[in-house]
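> quick one, fold the following:
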Amino acid sequence: MLYYPRCCIGCYKFLLTLQQPTKSNMLQLQKYTWLIDTIRKAGKISLEEISDRWERNKDLSDYKPLSRATFNRWKDAIFSQFGIIISCQRTGGYLYYIENPEDIDEDELKKWMLDSFAVSNLISENLSLKGRILVSKIPSARDHLTTLLEAMRKNRVVTITYCGFNKSGSHTFPIEPYCVKLFENRWYVLAHNIHYDDYRIYGLDRIENLEMTMDTFKLPKDFSASDYFSNYYGIISDSNIKPERIVIRAYRDHIPYMKSLPLHHSQKLLEDSGGYADFELFLAPTFDFIMRLLSAGAMIEVMSPESLRKTLKEWVSDLYNLYKND
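This is a model prediction of the structure:
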């Protein structure tokens, strides 16, 4: 998940550049993230070894070594852009390391961006395998995301022309953009709808037009994007559906999937018998969470609450009725 506005200014600049790519900007960002990733993986590494690895990366280096002057310039730029400190251990050899790795590990936005560029670098090094590297398509939100981020930074109202799915036509109205979030390969904006005076979610792929106005707004001092979504699985938030304790049983083959990629940050393992494992979660069982449970089929079972079991039964019954006459 990606939230704004609680990220650092460097991360914002990074993301803004990512949405307005020029060839030179993208190449420079690739170089910075390559250096960060190389040092992160090594733990501690000498400049000579960094230069050697750089020289072997033909797509970025063109087989040229990395000079100390260039390294120092990149090191300063990395601190300026991302707040990441590359320090040198002088005892036992001049070895470089990330002095504040927690700034990466504890910042979801920064870690997501750096990991994304690290993967991009890795793929660019293996373009000969392009027919054997498959990725999911994300509906393009580049233009709208750029304007939204600028509006968020300046606390500007934006006017959008929006056509929701299953709607007969589009409507134009002003919103105050509070944060953006990436969920299941789609970008969304959480905004204060001025007309209805409440929070609403809009899919960027359903925005037909978006313009930043000169009107400004004040972001509530107590607003936190992560707190807002903390009791939900995805992007659907419904104040009428209250968070509750949910126990899910995963059966043998699905246990490692639940352990390696929790459904929610509140997920806790209660019991693992080998044949099944019970997990506890605390969240609001909204529509997108129910869809996620259904996607696992018979590999998981809702043990409690009974109300959620009943909801799943109704969905399964409807699904059965679609196919029962085949």
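> where in the stretch 201-326 of the chain is pLDDT low?
Across the stretch 201-326 of the chain, nothing is flagged by pLDDT under 70.
> now the strands for it?
Secondary structure of the stretch 201-326 of the chain (DSSP state E, counting those that start in this stretch): strands located at 207-216, 244-251, 268-272, 276-283, 300-304.
> which one's the longest helix in this structure?
Of all the segments assigned as helix in the chain under DSSP state H, the longest by residue count is helix 23-42.
> what about the next helix or strand after it, average pLDDT?
As assigned by DSSP states H and E, the chain's next helix or strand after helix 23-42 is strand 45-46. Per-residue pLDDT over strand 45-46 has a mean of 94.
> hmm, who's touching strand 45-46?
Here strand 45-46 makes contact (Cβ atoms under 8 Å, 6 or more residues apart in numbering) with Thr38, Ile39, Gly93, Tyr94, Leu95, Tyr96, Tyr97. Glycine gets a C-beta too; all of them are placed from N, C-alpha and C.
> farthest-separated two in these?
For the contacts of strand 45-46, the farthest-apart pair by Cβ to Cβ is Thr38 and Gly93; their separation is 16.9 Å.
> higher neighbour count, those two?
Thr38 (18 against 10; other Cβ atoms under 10 Å).
> who's in contact with that one?
Thr38 touches Ile45, Ile50, Arg53, Trp54, counting by Cβ under 8 Å, 6+ apart.
> now do 6 Å
By Cβ atoms under 6 Å, 6 or more residues apart in numbering, the contact list for Thr38 reads Arg53.
> what is the subsequent helix or strand relative to the longest strand along the chain?
Longest strand in the chain, counting residues (DSSP state E): strand 171-183. Following strand 171-183 in sequence order, the next helix or strand is strand 186-193 (DSSP H and E).
> how is this protein carved up into domains?
9-132, 142-229, 244-323 (automatic domain parsing).
> I'd like the ones you listed as CSV, with distance to Asp238 appended.
As requested, the domains of the chain are exported to CSV (distance: least, Cβ to Cβ, whole Å):
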stretch, distance to Asp238
domain 9-132, 24
domain 142-229, 11
domain 244-323, 6
